[in-house]
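# no FASTA, just this:
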DNA sequence: AGAACCACCTGGCAGC
DNA sequence: TGCTGCCAGGTGGTTC
């Protein structure tokens, strides 16, 4: 489900409910996620103070007074703050118990998500080798140009490689390439310097707009029944195969790249 | 080193 | 209605 804008939205929603609180522990109903939930989670969390909540790529990091929790939503994960008792659904795999009586509930039907503990999260194997944050100031055309030199892989697949750039999944890779007028199949190393600048700006713009849209649907997700409005943005190409391009009216095409669906306008996007 | 493919898991939907 | 097959927003691991 979540790419960078969704994780950022979740993070912003959770922060005021978590930061400065103490944890009472955890209730784990299903420990088999992408990696096993630590068997000592309840004991490890009991009494811990939540210092901060932050995002790194698509990971959420909950820094504690000792160590940290690392959360990943996989493809179908969601987090909700519950303030009153509610029976857990079939995919509500665990709750983190807060000292004010509330709970942070983790739901993930496909179980591709993760809940991990680390004494030093930034050096955790999953986080230590992550690439550049596309919304950081230093992410620009020059950086993208350097990252793509000598790479024969298609630009779309390179954008989705978290070891180079984090947070860009299938939706936003398609959308950013459309905005930049670049064919997703173009070999990354063949991108000119000016087109790298165009693409870097398109990525930042696409993600920033999506975060702004996600923010507006945030409140009801955090407080009660969940399901943030991930689908409420209007995509230019993603999921629009056979529909007219909003710019030129030509039909959007779809094809497979690396086992994932790509969408592009054959007129507006060029090699 | 880089690229291609597979695996993990469940739910929803189209087509028969 | 119910079955089958396919698709889905992620990413680490294996193989060549």
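Sure, I can see it. Values in this document were obtained by computation on a predicted structure and should not be read as measured data.
# which stretches of the stretch 101-250 of chain A form strands?
A:103-107, A:114-118 (DSSP state E, counting those that start in this stretch).
# isn't residue A:19 up against residue A:52?
Yes: between residue A:19 and residue A:52 a contact is recorded at 6.1 Å, counting by CB atoms under 8 Å. Backbone N, C-alpha and C define where each C-beta goes, glycine included.
# so which of the strands of the stretch 101-250 of chain A gets nearest residue A:48?
Proximity to residue A:48 (CB to CB) singles out strand A:114-118 among these, at 10.2 Å.
# taking the strands of the stretch 101-250 of chain A together, which one is wrapped up most tightly?
Comparing the strands of the stretch 101-250 of chain A by mean neighbour count (mean count of other CB atoms under 10 Å), strand A:103-107 ranks first with a mean of 23.
# thinking again about what came up before, turn the strands of the stretch 101-250 of chain A into TSV, including distance to residue A:9 and mean pLDDT.
Formatted as TSV, the strands of the stretch 101-250 of chain A follow (distance: least, CB to CB, whole Å; pLDDT from 0 to 100):
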stretch	distance to residue A:9	mean pLDDT
strand A:103-107	16	96
strand A:114-118	19	97
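# how about JSON lines for those strands, with distance to DNA strand B added?
Putting the strands of the stretch 101-250 of chain A into JSON lines (distance: least, CB to the nearest atom of the strand, whole Å) gives the following:
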{"stretch": "strand A:103-107", "distance to DNA strand B": "11"}
{"stretch": "strand A:114-118", "distance to DNA strand B": "11"}
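# dump these to a markdown table, plus distance to residue A:182.
Below are the strands of the stretch 101-250 of chain A laid out as a markdown table (distance: least, CB to CB, whole Å):
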| stretch | distance to residue A:182 |
| --- | --- |
| strand A:103-107 | 36 |
| strand A:114-118 | 32 |
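# which among these is found nearest to residue A:190?
Nearest to residue A:190, of all those, is strand A:114-118, at 35.7 Å by CB to CB.
# how far out from the middle of the chain is that closest one?
Relative to its chain's centre, strand A:114-118 lies at 16 Å (CA atoms, centre = their mean, to the nearest Å).
# what's it in contact with?
Residues outside strand A:114-118 that contact it (CB atoms under 8 Å, 6 or more residues apart in numbering): A:33-35, A:37-38, A:41, A:44, A:67-72, A:74, A:93-94, A:106, A:124, A:126.
# tell me the helix or strand right after the helix or strand bottoming out on mean pLDDT in chain A.
Least confident helix or strand, chain A: helix A:218-223 with a mean of 46, by mean pLDDT, DSSP states H and E. Moving toward the C-terminus from helix A:218-223, the next helix or strand (DSSP states H and E) is strand A:253-257.
# quick one on the thing from earlier: looking at the contacts of strand A:114-118, which are in strands?
Among these, the members falling in strands are A:68, A:69, A:70, A:71, A:72, A:93, A:94, A:106 (criterion: DSSP state E).
# out of those, who's near DNA strand C?
Residues of the ones in strands among the contacts of strand A:114-118 in contact with DNA strand C (CB under 7 Å from any atom of the strand): residue A:72.
# in ChimeraX, how would I select the buried members of the ones in strands among the contacts of strand A:114-118?
Filtering the ones in strands among the contacts of strand A:114-118 down to the buried ones (16 or more other CB atoms under 10 Å) takes a single ChimeraX command:
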select /A:68,69,70,71,72,93,94,106
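# and chain A, which residues reach DNA strand C?
A:1-3, A:6, A:34, A:57-59, A:72, A:74-75, A:110, A:112, A:126, A:160, A:162-163, A:169-171, A:230-231, A:259-261.
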